[in-house]
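Visitor: quick one, fold the following:
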Amino acid sequence: MKWSEFFVTGEPMIYGAMVSIVLVSLAILVGLTYFKKWGYLWREWLTTVDHKRIGVMYIIAALIMLFRGGIDALMMRTQLAAPEMKFLDAQHYNEVFTTHGVIMILFMAMPFVIGIMNVVIPLQIGARDVAFPRLNAVSFWMFFAGAMLFNISFVIGGSPDAGWSAYFPLASLEFSPTVGNNFYSLALQISGVGTLMTGINFIVTILKMRAPGMKLMRMPMFTWSVLITNVIIVFAFPVLTVALALMMFDRIFGSQFFTMSNGGMDMLWANLFWVWGHPEVYIVVLPAFGIFSDIISTFSKKNLYGYKSMVVSMLAIMLLSFLVWAHHFYTMGAGAMVNGFFSITTMAIAVPTGVKIFNWLFTLRKGKISFTTPMLYAMGFIPIFTIGGVTGVMLAMASADYQYHNTMFLVAHFHYVLIPGTVFGVLAGMHYWFPKIFGFRLNEKLGKSAFWLIIVGFNVAFMPLFFLGLQGMTRRQYTYSESTGFGPLNMIATVGAFVLAIGFVVLVYNFYWSFRHSPRNEGGDPWDARTLEWSTPSPVPVYNFARVPEVHEQDAYWYSKKKNVPLYSGEYESIHMPNNSGQPFILGIVMFLLGFFLVFSWFIPAIIMGVVTVIMLAWRSFERDHGYHISAKEVMATENKLRGDSV
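Guide: As a prediction, the model looks like this:
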């Protein structure tokens, strides 16, 4: 490969990205060296197996990816703001909308959800950690390796350009001869394997590590949503992994799985991708449903209305999510019978979702509502997500979809589901559980300011797209003529996108302000919360619970306070905790290098990295990790100190 083909050149923004990467990297290295933080970084973060710190790293990575994906969105909106705009050329625009979709769904929404899951689930079920702490660390570093491999494609080799769904034959070597879609295939495989491990880990954690007395029907709704989500992960992600492996063989080794000749079937890719792809929507939405359930219950000061119906509706969504995938290609000639079946299942999945909307509304009814920042996101979610759901039913009608398909109407629907259903959810959860992680709240005024900028900017940005779609504007087009009349609505949408971006800037500033100025040692609980995690000090010690709690009812913490029933019994005992390990971090580096070498078909170094991976896994199988003990005396002293200093 020539040097000019290795580094992407010719675009001022590419050069700017290169310079930015170098400067930021140097600033981080100099800062860590000057403040002598290398040892702290290695001991406390890079080698940690503590579920809370792993969760924080997932959330930080997700926020970085939100910034990257947001920049892509602003570039697209700038290009579409007016007719015949010359901000991006056609190829660059293809790359930008491809990376925007992949990053926002797989490298922003997924890690944000998994990060909150990591922080909260062991605390909600009364466990000291997840079932497999080291596997949890491996999962994170596999995700991070995949995310970094995907992102460097922007400056090395070239970004993927076949859309986030990478349809064949467009994604084939014939029509996309650069290495961009190699990055797509390998980065998503590496990250996806990490996600699959997370799914297995949390299913075992929830089923086997609940506190005494916490039966399945006493679990918080967020825990239920995470259990169901991880069941979907375990069934859906292997399909994606196989599809990506076949894509890799087609592009790197010359096989013919998805070609239009020699027995290949390009529609096989569409089926395999969406068998994973539509359950993926519920993988990122269902945990947000659980977050909203806990938040609405807390700030309405009521038990969640219809607990059992909420559980049943989520189980129904889980099952139906695997029976709707063909609605993504109604127009591809499947026939009336197939389209009719998937039209019915797609409309049917709206029923359990509607049940949940009414559950939340009845929980709010006659409640003593506190309009905190988390509650504002929950309240804003309900009407906006309902619009997304109603337009989804419109798209579910196969005959009508011939008009809507591949238009901006679909783009608007998708964002009206995913942004309130996932982004609002993780932002609400982050504000709600922030004291559990750091021991103090985010600033409420800045939080509410960010919320109003985000919700106004969102609606201004995406509501016009419904009308543009009905007028015939297709998605993925990088320009349009003035005669189409698309200009005014596109300009409004672009203004809304920049308002939305300002809202996220305020959100980030809130972190900075709160870390510098938020009061510690306020005393009392941060919120009038109801679930078990709030019985722990804030911030939570490494071992979570000094004594294992005993659960007697739903909303265990609220029940123990109101009924004066003790959550804990017995004396303090010594606690066994797992040792930190550098192996997951090193394995992440090895997997990154393995993927990078395969992208460019450098097989000898790739084989070496594969051998190193096998050796590391074999070494781990013989390793005996005895962990360490915290004595009962240390536990009691730490608990007393935290109880005195906690929020």
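
Visitor: looks like residue 431 contacts residue 376 (just checking).
Guide: No. Counting by CB atoms under 8 Å, residue 431 does not reach residue 376; the two are 9.2 Å apart. Using the backbone N, CA and C atoms, a C-beta is placed for each residue, glycine as well.

Visitor: do a quick rundown of the strands in the chain.
Guide: With strands called from DSSP state E, the chain shows them at 575-577, 628-630.

Visitor: list the contacts of the last one.
Guide: Looking back up the chat, that one is strand 628-630. For strand 628-630, contacts defined as CB atoms under 8 Å, 6 or more residues apart in numbering pick out 543, 574, 575, 576, 577, 579, 638.

Visitor: between those, which sits nearest residue 194?
Guide: Of all those, residue 194 sits closest to residue 579, with 21.2 Å by CB to CB.

Visitor: show me what contacts the closest one?
Guide: 49, 625, 626, 627, 628.

Visitor: which of the residues you listed ranks first by neighbour count?
Guide: Taking other CB atoms under 10 Å as the neighbour criterion, residue 49 ranks highest of the contacts of residue 579 with 24 neighbours.

Visitor: wait, what's in contact with that residue?
Guide: Residue 49 makes contacts with 129, 133, 134, 136, 137, 578, 579, 580, 581, 584, as judged by CB under 8 Å, 6+ apart.

Visitor: you'd agree the fourth one is up against residue 118?
Guide: Yes. Here residue 136 lies in contact with residue 118, judged by CB under 8 Å, at a distance of 7.1 Å.

Visitor: which residues are in contact with each of the two?
Guide: Common neighbours of residue 136 and residue 118 (CB under 8 Å, 6+ apart) are 51, 54, 130.

Visitor: contact partners for the closest residue to residue 517 other than its chain neighbours?
Guide: Closest residue in space to residue 517, ignoring its immediate chain neighbours: residue 443 at 7.5 Å, by CB to CB, 6 or more residues apart in numbering. Residue 443 makes contacts with 510, 513, 514, 517, 518, as judged by CB under 8 Å, 6+ apart.

Visitor: cool, residue 476 as well?
Guide: Counting by CB under 8 Å, 6+ apart, residue 476 touches 94, 97, 163, 406.

Visitor: 10 Å - rerun?
Guide: 76, 93, 94, 97, 98, 163, 406, 408, 411 (CB atoms under 10 Å, 6 or more residues apart in numbering).

Visitor: give me the number of residues near the third one?
Guide: The reference is to residue 94. Neighbour count for residue 94, taken as other CB under 10 Å: 21.

Visitor: for it, give its distance to residue 608.
Guide: 34 Å (CB to CB, to the nearest Å).

Visitor: what's the first-to-last distance across stretch 47-55?
Guide: From its first residue to its last, stretch 47-55 covers 13 Å (CA to CA, to the nearest Å).

Visitor: same question, stretch 211-229
Guide: Using CA to CA, one end of stretch 211-229 lies 21 Å from the other.

Visitor: give me the buried stretch members for it, please.
Guide: Neighbour counts over stretch 211-229 (16 or more other CB atoms under 10 Å) mark 211, 214, 218-229 as buried.

Visitor: sorry, back to before: out of the strands of the chain, deepest packed?
Guide: Per residue and on average, the most neighbours among the strands of the chain fall to strand 575-577, with a mean of 17 (mean count of other CB atoms under 10 Å).

Visitor: inside helices: which ones of the shared contacts of residue 136 and residue 118?
Guide: 51, 54 (DSSP state H).

Visitor: what's the closest of the shared contacts of residue 136 and residue 118 to residue 301?
Guide: Set against residue 301, the nearest of those by CB to CB is residue 51 (29.5 Å).

Visitor: wait, residue 508 touches residue 67, no?
Guide: Yes. Residue 508 is within contact range of residue 67, at 8.2 Å (criterion: CB atoms under 10 Å).

Visitor: thinking again about what came up before, as CSV, the contacts of strand 628-630 with distance to residue 234 would be great.
Guide: Shown next, in CSV, are the contacts of strand 628-630 (distance: CB to CB, whole Å):
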residue, distance to residue 234
543, 29
574, 35
575, 30
576, 28
577, 27
579, 28
638, 36
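
Visitor: which one in those residues is the model shakiest on?
Guide: Among the contacts of strand 628-630, residue 638 has the lowest pLDDT, at 81.

Visitor: what's near enough to touch that residue?
Guide: Residue 638 is in contact with 537, 541, 542, 543, 546, 630, counting by CB under 10 Å, 6+ apart.

Visitor: returning to what we had before: out of the strands of the chain, which gets nearest to residue 125?
Guide: strand 575-577 (16.9 Å).

Visitor: what sits up against that closest one?
Guide: Surrounding strand 575-577, the residues in contact under the criterion CB under 10 Å, 6+ apart are 49-50, 128-129, 133, 541-548, 626-632, 634-635.

Visitor: those residues, buried ones only, as a PyMOL selection?
Guide: This is how PyMOL selects the buried members of the contacts of strand 575-577, with burial counted by 16+ other CB under 10 Å:
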select buried, resi 49+50+128+129+133+541+543+544+545+546+547+548+630+635
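
Visitor: so which bits of stretch 328-336 are buried?
Guide: Those would be 328, 329, 330, 334, for stretch 328-336 by 16+ other CB under 10 Å.

Visitor: coming back round to it: narrow the contacts of residue 443 to those in helices?
Guide: The helices, defined by DSSP H, take in 510, 513, 514, 517 from those.

Visitor: CSV for those residues, including pLDDT?
Guide: Formatted as CSV, the ones in helices among the contacts of residue 443 follow (pLDDT from 0 to 100):
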residue, pLDDT
510, 95
513, 94
514, 92
517, 83
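
Visitor: how close does residue 138 get to residue 200?
Guide: Separation of residue 138 from residue 200 (CB to CB) stands at 12 Å.

Visitor: about what we covered before: relative to residue 305, which of the buried residues of stretch 211-229 is nearest.
Guide: residue 221 (11.1 Å).

Visitor: pLDDT score assigned to the residue lying closest to the closest one once chain neighbours are set aside?
Guide: With CB to CB, 6+ apart as the criterion, residue 221 has its nearest non-adjacent residue at 3.7 Å, and that residue is residue 293. According to the prediction, residue 293 has pLDDT 96.

Visitor: and for residue 636?
Guide: Listed pLDDT for residue 636 reads 86.

Visitor: can you count the residues close to the nearest residue to it once chain neighbours are set aside?
Guide: Spatial nearest neighbour of residue 636, chain neighbours left out: residue 572 (4.7 Å); criterion: CB to CB, 6+ apart. Residue 572 has 16 neighbours, counted by other CB under 10 Å.

Visitor: residue 572 reaches residue 547, doesn't it?
Guide: Yes. Using CB under 10 Å, residue 572 is in contact with residue 547, at 6.4 Å.
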